[in-house]
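S.K.: Sequence and predicted model, in that order:
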Amino acid sequence: FKISIKNIKKINLPIINEKNGSLFFLENKTGKFKIKRVFFVNAKKNSIRGKHAHKKISQIMICLSGKVEIICDDGLKKKKFVLNKKNQCLVVPKLIWSTLKYKSKNTIISVLCNGYYSENEYIRNYDAFKKITKNKWKK
């Protein structure tokens, strides 16, 4: 098991454009990511949310409207991603600390998770996260 910022993927979703609108879609052809929970978050411009990691859950984040900056941290390195198109998503694996900065008015993100909500699943203390990831990097 090796966690890494390299495992985070920004994906452009396929688009079908028609005269009366567009359709964006995400298909799980590998079966590796089984969606168990979907939620939506909106926040005011310049709000910061997230600031946590998950022990076992991976997520797919889609910005439905507006613009969000997502800073991901694997315990050694940080990388910034910007989502501002409806056909983009970010796949964030477990044990990645994520901080979301809402950069525009009326930003809404959708988050697809491969696990159910449990408060015990969250790592909300950054120092605890660093200790956990430090042990993973040693292996």
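M.R.: Alright, I've got the coordinates. Just so we're clear, the structure is a prediction, and the values are computed from it rather than from any experiment.
S.K.: make it CA atoms for all contacts and neighbour counts henceforth
M.R.: Fine.
S.K.: what ranges do the helices span in the protein?
M.R.: With DSSP state H as the definition, the chain shows helices at residue ranges 126-138.
S.K.: burial of R124, as a residue count?
M.R.: Residues lying near R124 (other C-alpha atoms under 10 Å) number 16.
S.K.: Number of residues surrounding the closest residue to S110 other than its chain neighbours?
M.R.: Leaving out its chain neighbours, the residue that sits closest to S110 by C-alpha to C-alpha, 6 or more residues apart in numbering is F40, at 4.4 Å. Neighbourhood size, F40 [other C-alpha under 10 Å]: 13.
S.K.: Looking at F40 now. What's its pLDDT?
M.R.: pLDDT recorded at F40 is 96.
S.K.: ditto for C89
M.R.: At C89, pLDDT is 95.
S.K.: swap in F24?
M.R.: So F24 comes in at 84 (pLDDT).
S.K.: residue ranges of the strands in the protein, please?
M.R.: 9-12, 15-18, 21-24, 37-43, 48-54, 59-65, 68-73, 78-83, 88-92, 97-102, 107-113, 122-123 (DSSP state E).
S.K.: and the second one, how far out from the chain's middle?
M.R.: The reference is to strand 15-18. Between the centre of strand 15-18 and the centre of its host chain there is 25 Å, according to C-alpha atoms, centre = their mean, to the nearest Å.
S.K.: now swap in the last one and tell me
M.R.: On the basis of C-alpha atoms, centre = their mean, the separation between the geometric centre of strand 122-123 and that of its chain is 14 Å.
S.K.: low-scoring stretches of this protein, by residue?
M.R.: The model of the chain has pLDDT under 70 over residues 1-2, 30, 137-139.
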